[in-house]
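Colleague: Next comes the sequence, and after it the predicted model I'd like to discuss.
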There are 2 protein chains.
Amino acid sequence: MIPLLLIEDETDLGLIIADNLQSAEYSVSHCADGEQGLFLFHQLKPAVVILDVMLPGMDGFAIAKKIREVDTETPILFLTARTQTVDVVNAFELGANDYLRKPFSLEELKVRINALAQRNQWQYQKRFLQIGDYVMDGMRQQLQYKEEILNLSFRECELIKMLYESKNKVVHRQDIIQAVWPNDRFFTGRSLDVFISRIRTYLQHDKRISIVNIRAVGYKMII
Amino acid sequence: MIPLLLIEDETDLGLIIADNLQSAEYSVSHCADGEQGLFLFHQLKPAVVILDVMLPGMDGFAIAKKIREVDTETPILFLTARTQTVDVVNAFELGANDYLRKPFSLEELKVRINALAQRNQWQYQKRFLQIGDYVMDGMRQQLQYKEEILNLSFRECELIKMLYESKNKVVHRQDIIQAVWPNDRFFTGRSLDVFISRIRTYLQHDKRISIVNIRAVGYKMII
DNA sequence: AATTATTGTTACATATTGTTAAAAATAGTT
DNA sequence: AACTATTTTTAACAATATGTAACAATAATT
C-alpha cells in the first residue's frame, strides 16, 4: 500500500478527500496543521504529500520549505483557493510538483496523485516474467515465444501471473478466483477451468511447463 | 523548445535580437507589427512576448491590452526607448511583467527572458509531453513525430494527456469520461472507444507505445 | 465395475470493444 | 444567413473476451 499524507485544515473536506483516495492502492494519513504534518511526514515517508496552502499556524509554503530542506524527492501537490493565483509561482519555486485549484474534482485529484506516485512506484513492479522459454509482459499483456507474440486478455494475464508467482506450489481454487475475479462475489461458474485449459494451449510449446490439477484443491504450475 | 515572440519594427534590431535569443532552449518568432503579432501570439502561444512600445499602427500598449483580454498568464516584456520614462507605469498597469530601456545589452535581455520563462516553466513541463518518440504540445494541441506535425482536437488531446499522466496504469472508463467529457452527465455513447481507436492510429509509429483495454474496466497506456 | 464428483474441452451466448462511415453539432468565413 | 471545414456523436457491423452449458474424460469412492 502506498502511503499518502494529506495536510488540510477544513475537516470535512479533508475527510472527503482522504476517504476518496483511500483504496486498495493508497493509505491516506490526514492531519490538520503543519507541525503534525511534518511529524507525520518523517514518520510515514509518504509517496506524495497533498498540502493545502492556507493553513492556520505554519502555512503550506512554510511546510513545503521545511520538507524540501531534508527531502527533494517526494512529490508535493498543493491545494490552493481559486483566488490566490499568484502564489502558484511561489509554490513551484519551493519545489512543488503540481497544484490544484479549489474546487477540484476528486477524479482529477486521483489522476494527479497517480501520476506523481507512479514515478516511485514503477520500480516495484516487475513487468516481465520469464516462464520457461516464454516471456510474459505483464504490462502489455503479451506472451512471447521466440518471435511469436500472443496478446493476452486481462484475466488470462492475471491468471498466469498468479500461477507463476506460486510456481511449483499449489494454488487454491478459491485464492485464484479471489485474485482474478475479485468483484464476482457469487462466481460459481467454471470459467477458471476454461481459462486454465486455454492457458495450457498457450504454453504448450515448452514441454517443461505444465499446469497440473490437484483435484478438489487447485492448480500448480510446474517449470 | 520554448517559443518566444518578438514584436519589433526596426528590422535590423529585430533580427539581431532574434538571432541572439535563438538557442537550444528558445525558438524565436519575429514580426514587425501588432496585427501580425497578435496572429502569431494565438498561433504559437509563446512562453514570453517581447514587445516594442513604439510600433507603427497598433502600439505596444494596445497589443498588450489585446493579449491580456484573452490571456493573463503569458509574461510580457516591454522594450522602450530611453526617452519614454513615464509610460513604464502604463505598461505595468496593462499587465507587463518586465521592461528594458533601449539600448540594452543582449545579455541583460537573456537574463530577463530566462527569469520570465522559468517562472512559467512548470507549465512547459506539463505543456510538452514526451510520449515515446512523439512529443505532444498540450497547449497547441499538436502531436509531433519526427518532422511530422498532426493537429489534435481538444478531446483527443485531453484523452492522450489523461492516459499519459497515468501511463502504465489502468485508467477507469468512468474516470476518463468524467475528465474528458465533464459536462455530459448522461454520456452513454461510445465516443470514448472511437477516440481510443483514433489515438491508437496516431501513435502507431512508435511500436513501444500501446493502449491496452481491460475489459469492463478501462484502458492502460504503455510506454 | 458402477457410481459420483471433479476437471477438460468444446461450442455457443452475450457483453464489450474495435473500426469505419455517416450524421449531427460546432466553429469559422464569406 | 449561408456555406465550409472541423469536431464530435451516433450508428452499424466486426472482432474479441468472458461466462455458461453440454458433454467427455478422469479420478475417487463405493
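Modeller: Thanks, I have it.

Colleague: Check the nearest residue to A:Ile214 once chain neighbours are set aside and give its pLDDT.
Modeller: The shortest distance from A:Ile214 to any non-neighbouring residue, by Cβ to Cβ, 6 or more residues apart in numbering or on different chains, is to A:Val170 (5.4 Å). No exception for glycine: its C-beta is placed from N, CA and C like everyone else's. At A:Val170, the model reports a pLDDT of 89.

Colleague: Phi, psi for A:Val170 please.
Modeller: Here is the backbone geometry of A:Val170 (degrees, to the nearest 10): phi -80, psi 130.

Colleague: how close does it sit to DNA strand C?
Modeller: In this view, A:Val170 and DNA strand C are 11 Å apart by Cβ to the nearest atom of the strand, to the nearest Å.

Colleague: got it, and A:Lys167?
Modeller: 17 Å.

Colleague: Quick check: bridge partners of the spatially closest residue to that residue that is not a sequence neighbour?
Modeller: Nearest non-adjacent residue to A:Lys167, counting by Cβ to Cβ, 6+ apart: A:Met221, 4.9 Å away. Listed by DSSP bridges, the beta-bridge partners for A:Met221 are A:Ile211.

Colleague: what sits against A:Met221?
Modeller: A:Met221 makes contacts with A:163-164, A:166-168, A:171, A:209-211, as judged by Cβ atoms under 8 Å, 6 or more residues apart in numbering or on different chains.

Colleague: For chain A, which segments count as helices?
Modeller: A:11-21, A:34-44, A:60-70, A:87-93, A:106-121, A:154-165, A:173-180, A:191-202 (DSSP state H).

Colleague: Ok, which of those comes nearest B:Val53?
Modeller: helix A:87-93 (25.3 Å; Cβ to Cβ).

Colleague: Tell me how many other residues crowd A:Glu28.
Modeller: Slight slip there: residue A:28 is Val, not Glu. Neighbour count for A:Val28, taken as other Cβ atoms under 10 Å in any protein chain shown: 22.

Colleague: residue contacts, it?
Modeller: Contacts of A:Val28 by Cβ under 8 Å, 6+ apart are A:3-6, A:17-18, A:21-22.

Colleague: what's the closest of the residues you listed to DNA strand C?
Modeller: DNA strand C lies nearest to A:Leu21 out of the contacts of A:Val28, by Cβ to the nearest atom of the strand, at 24.1 Å.

Colleague: ok, that closest one to B:Met139 distance?
Modeller: A:Leu21 is 29 Å from B:Met139, where distance means Cβ to Cβ, to the nearest Å.

Colleague: Who has more neighbours out of those two?
Modeller: Neighbour count, other Cβ under 10 Å: between A:Leu21 and B:Met139, A:Leu21 has more, with 20 against 16.

Colleague: sorry, back to before: the contacts of A:Met221: which ones sit near DNA strand D?
Modeller: The overlap between the contacts of A:Met221 and the neighbours of DNA strand D (Cβ under 7 Å from any atom of the strand) is empty.

Colleague: would you turn those residues into JSON lines with neighbour count?
Modeller: Below are the contacts of A:Met221 laid out as JSON lines (neighbours: other Cβ atoms under 10 Å in any protein chain shown):
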{"residue": "A:Leu163", "neighbour count": "23"}
{"residue": "A:Tyr164", "neighbour count": "17"}
{"residue": "A:Ser166", "neighbour count": "17"}
{"residue": "A:Lys167", "neighbour count": "14"}
{"residue": "A:Asn168", "neighbour count": "8"}
{"residue": "A:Val171", "neighbour count": "21"}
{"residue": "A:Ile209", "neighbour count": "20"}
{"residue": "A:Ser210", "neighbour count": "14"}
{"residue": "A:Ile211", "neighbour count": "17"}
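
Colleague: Closest to B:Ile67 out of those?
Modeller: A:Tyr164 (58.7 Å).

Colleague: ok, back up a step: and for the residue nearest to A:Ile214, the neighbour number?
Modeller: For A:Val170, using other Cβ under 10 Å, the count is 15.

Colleague: and it, bridged to which residues?
Modeller: Bridge pairing for A:Val170 - DSSP bridges - gives A:Lys220.

Colleague: what about it, distance to DNA strand D?
Modeller: A:Val170 is 13 Å from DNA strand D, by Cβ to the nearest atom of the strand.

Colleague: OK, contacts around that residue?
Modeller: A:Val170 neighbours (Cβ under 8 Å, 6+ apart): A:214, A:217-220.

Colleague: For the residue nearest the centre of chain A, which non-adjacent residue is spatially closest?
Modeller: Geometric centre of chain A, nearest residue: A:Glu25, 4.5 Å, by Cα atoms, centre = their mean. Nearest residue to A:Glu25 in three dimensions, chain neighbours excluded: A:Ile2, at 5.8 Å (Cβ to Cβ, 6+ apart).

Colleague: Just grab the bridge partners of the one you found for me.
Modeller: A:Tyr26.

Colleague: residues in contact with it?
Modeller: A:25-27, A:47, A:117, A:121.

Colleague: most surrounded residue in these?
Modeller: For the contacts of A:Ile2, neighbours tallied by other Cβ under 10 Å; top is A:Ala47, 22 neighbours.

Colleague: List phi and psi for that one.
Modeller: phi -80, psi -30.

Colleague: ditto for the one 10 residues further on
Modeller: Note on A:Gly57: backbone dihedrals following degrees, to the nearest 10 are phi 70, psi -130.
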